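*Asks:* here's my sequence, what's the structure:
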Amino acid sequence: METVTTRWSTAMKLDAPIVNAPMGGAAGGRLAAAVSRAGGLGMIGSGSAGSASQLEAQLRHLADLQRAFGIGLIEWVVEQDPRLLDIALEARPALLAVSFGEAWNWVARARDAGCVTATQVADVDAAQRAVDAGVQVLVARGSEAGGHGTPAVSTLPLLASILDRVDVPVLAAGGIASGRALAAVLAAGASGAWIGTAFAACDESLLPAGARQVLIDAHGDDTLTTRVFDIALGYPWPATLPERVVRNAFTDLWDGRIPDEGARAQLRDAIIEDDFRVAPVNAGQGVDSVTAIETAAAVIERLTADARRALAKAPLAS
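*Replies:* Alright, predicted model coming up:
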């Protein structure tokens, strides 16, 4: 496999500087195992509806992995179910990421357990606070990214600003679904790429077939940031952390409004029935590059080969 590496990916014993984003409802044990076996860092995600029992079930897929893997948690979900952190640490992941909060009590526990610690940040001040708290790896999450996050600064400006401020490895997240995009963030100084949408459509993803098809059919300008699904489903995400999703009939009707009980019932039914004309599908603005259902190994091979070619052909003067 034609690949690229960084000092960080080599230190983590990876063959490629690629991490699958720990997307709740998409990044389960099968996807994490497939990414790790293909040379990246596979991560299991525990999302808004995550639980200790669900995490335990997904970890079973990694029982015979023999490769590095990671786990990603959401701080406010851990506060509701503290066993999530206990189970994550018991699994001894190479990387533990806890994001979307400012409590750092987990950092010492994770480092004592032998985990490299990481968190997602959306501005330079948050990056500095995380480093001051002992976090070892930052994920510069740009506004292009799918799922929840602060839609403030796009990926490349955010990455550059954080790299100028801190001395820890920084992974780039947001809009990275092609080899050219991977090459761009590596050339800018990222230690790796934290990739969500491209892996969400993979064969090993937890997403239903209908949701994967939504990703394949969508274009970058088909996404928007919204709180409407969190409000309708009663998830306590802060107003500062909307999610980027593919537009559908539900967002067209209710984005910016408070869904009534009939709409909430319709949404709950649509999720049960996998009706993605109404149910949400998270996606970043790099969704244009998602054109087929592939294996995780095929995605990594394509991204790294295309990135190497893009870097080799960069029209720079000698």
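*Asks:* where do the strands of the chain begin and end?
*Replies:* Taking DSSP state E as the test, the strands found in the chain are 18-20, 42-45, 69-74, 95-99, 116-121, 137-141, 147-148, 170-173, 192-195, 223-226, 243-246.
*Asks:* how about TSV for those strands, with mean pLDDT added?
*Replies:* TSV is the format used below for the strands of the chain (pLDDT from 0 to 100):
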stretch	mean pLDDT
strand 18-20	98
strand 42-45	98
strand 69-74	98
strand 95-99	98
strand 116-121	98
strand 137-141	98
strand 147-148	96
strand 170-173	98
strand 192-195	98
strand 223-226	98
strand 243-246	98
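*Asks:* closest to G256 out of the ones you listed?
*Replies:* Of all those, strand 223-226 sits nearest to G256, with 7.9 Å by C-beta to C-beta. C-beta: built from backbone N, CA, C; applies to glycine.
*Asks:* parallel or antiparallel, list what pairs with the closest one.
*Replies:* strand 243-246 (antiparallel) (DSSP bridges).
*Asks:* run the chain-centre distance for the partner strand.
*Replies:* In terms of C-alpha atoms, centre = their mean, to the nearest Å, the centre of strand 243-246 is set 13 Å apart from its chain centre.
*Asks:* all numbers from here: first residue = 104
*Replies:* Fine by me, first position is 104 from now on; the one you just mentioned is strand 346-349.
*Asks:* take the strands of the chain and lay them out in TSV including distance to V317 and mean neighbour count.
*Replies:* Conversion of the strands of the chain to TSV gives the following (distance: least, C-beta to C-beta, whole Å; neighbours: other C-beta atoms under 10 Å):
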stretch	distance to V317	mean neighbour count
strand 121-123	19	32
strand 145-148	19	29
strand 172-177	23	28
strand 198-202	25	25
strand 219-224	24	25
strand 240-244	22	29
strand 250-251	14	26
strand 273-276	21	30
strand 295-298	18	29
strand 326-329	11	19
strand 346-349	5	24
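*Asks:* distance to G387 added to these, as a markdown table?
*Replies:* Shown next, in a markdown table, are the strands of the chain (distance: least, C-beta to C-beta, whole Å):
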| stretch | distance to G387 |
| --- | --- |
| strand 121-123 | 13 |
| strand 145-148 | 15 |
| strand 172-177 | 16 |
| strand 198-202 | 16 |
| strand 219-224 | 13 |
| strand 240-244 | 10 |
| strand 250-251 | 8 |
| strand 273-276 | 9 |
| strand 295-298 | 9 |
| strand 326-329 | 7 |
| strand 346-349 | 6 |
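*Asks:* A114: which of those strands is closest?
*Replies:* Between the strands of the chain, strand 219-224 lies closest to A114; by C-beta to C-beta that is 9.1 Å.
*Asks:* ok, and what's touching the closest one?
*Replies:* 115, 173, 197-203, 209-210, 213-214, 230, 233, 237-244, 252, 265, 274, 276, 297 (C-beta atoms under 8 Å, 6 or more residues apart in numbering).
*Asks:* show me what the longest helix along the chain is packed against.
*Replies:* Across the chain, the longest stretch assigned as helix under DSSP state H is helix 399-415. Contact partners of helix 399-415 among helices and strands, from 3 or more C-beta pairs under 8 Å, 6 or more residues apart in numbering; DSSP states H and E: strand 121-123, helix 132-140, helix 282-290, helix 300-303.
*Asks:* find me the pLDDT at the nearest residue to R232 once chain neighbours are set aside, would you?
*Replies:* In space, and not counting its chain neighbours, R232 is closest to E205: 7.0 Å by C-beta to C-beta, 6 or more residues apart in numbering. Predicted confidence (pLDDT) for E205: 92.
*Asks:* tell me the spacing between E205 and I177.
*Replies:* 13 Å (C-beta to C-beta, to the nearest Å).
*Asks:* what bridges to G173?
*Replies:* Assigned bridge partners for G173, using DSSP bridges, are M146, L198.
*Asks:* tell me if I'm right that it and M146 touch.
*Replies:* Yes. Counting by C-beta atoms under 8 Å, M146 is a contact partner of G173 at 4.0 Å.
*Asks:* for the residue most central in space within the chain, list the residues it contacts.
*Replies:* Centroid-nearest residue in the chain: A124, 2.5 Å away (criterion: C-alpha atoms, centre = their mean). By C-beta under 8 Å, 6+ apart, the contact set of A124 is 130, 146, 148, 175, 248, 250, 276, 297-299, 302.
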